[in-house]
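Student: predicted coordinates and the sequence they were generated for:
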Amino acid sequence: MWKRGMYFRFLVAGAILVSWMGGTARASSEQFKERIFPVGQLKPLDSPMNLKVGDKAPDFKLPSLSGEEVSLSQFLGSKNVVISFVPAAWTPVCSEQWPGYNIVKDLFDRNQAALIGITVDNLATLYAWTQQMGGVWFHVLSDFWPHGEVASMYGVLRTGGTSERALFVIDRKGIVRYVDVHDINERPRLEDLAEALQKLEK
């Protein structure tokens, strides 16, 4: 059980970390801002949600930057999973969100969670983008072909062909325990994800 004092300290630490993470990630993306496509303000949400908390998460297998195919089912029984869908490489918010997870790798390690990043970009684009950002520690998968198939399975494929900015937390049994289909123009709050991961261990 969470003790109230511990929970309060966790939230305070999370708020400080979010502030730090935002500044650090922005500084990273500033280094290559001339390569980032200015998407402007987009429609916040543009897809019909078909997954909710308590549902069985659809399995998938996609090619990754490591050269291997990665599936959801390979983690079942051993790891919780966080899936981070982002709309597109070389765009402003995405280029802050994913580097920010480098700073908080311990959050995932402490909660025995694998992080999987998915976009509809092809592998060559994802490789160039992540290398420009300095690399990321987590699995990066391409949902390029059949285009957006996994994003569609999770109900987050937008009408323009990109995905929503969405987070799914899936437990070791493959059950969806947290969903945040976020305003595409903003980064999801780290403290909300951290709280969702903590609840998995209760």
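Tutor: Done, it's in.
Student: what ranges does the protein have for its strands?
Tutor: Using DSSP state E, the strands found in the chain span residues 61-63, 69-71, 80-85, 113-119, 139-142, 165-170, 176-182.
Student: include distance to residue 195 and mean neighbour count when you put these into JSON lines, please.
Tutor: For every residue, glycine as well, the C-beta is placed using N, CA and C. Listed next are the strands of the chain as JSON lines, based on distance: least, CB to CB, whole Å; neighbours: other CB atoms under 10 Å:
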{"stretch": "strand 61-63", "distance to residue 195": "28", "mean neighbour count": "17"}
{"stretch": "strand 69-71", "distance to residue 195": "26", "mean neighbour count": "15"}
{"stretch": "strand 80-85", "distance to residue 195": "13", "mean neighbour count": "23"}
{"stretch": "strand 113-119", "distance to residue 195": "13", "mean neighbour count": "23"}
{"stretch": "strand 139-142", "distance to residue 195": "23", "mean neighbour count": "22"}
{"stretch": "strand 165-170", "distance to residue 195": "10", "mean neighbour count": "24"}
{"stretch": "strand 176-182", "distance to residue 195": "9", "mean neighbour count": "19"}
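Student: nearest residue to the residue nearest in space to the middle of the chain other than its sequence neighbours?
Tutor: In the chain, the residue lying closest to the centroid (CA atoms, centre = their mean) is residue 84, at 1.9 Å. Leaving aside its sequence neighbours, residue 84 sits nearest to residue 117 (CB to CB, 6 or more residues apart in numbering; 4.9 Å).
Student: other residues contacting stretch 169-182?
Tutor: Contacts with stretch 169-182, where a contact means CB atoms under 8 Å, 6 or more residues apart in numbering, come from 45, 47, 49, 51-57, 59, 72-73, 75-83, 113, 155-156, 164-168, 188, 192-193, 196-197, 199-200.
Student: please apply the same query to stretch 49-58.
Tutor: Residues contacting stretch 49-58 (CB under 8 Å, 6+ apart): 72, 81, 150, 153-156, 168, 170, 174-179, 181.
Student: and the two most separated of those residues?
Tutor: Greatest spacing in the contacts of stretch 49-58, by CB to CB: 174 and 181 (19.5 Å).
Student: and the helices in the chain?
Tutor: 4-30, 94-103, 105-110, 123-132, 149-153, 190-200 (DSSP state H).
Student: lowest average pLDDT across these?
Tutor: The weakest mean pLDDT among the helices of the chain belongs to helix 4-30, with a mean of 47.
Student: kindly state the pLDDT recorded for residue 50?
Tutor: pLDDT, residue 50: 86.
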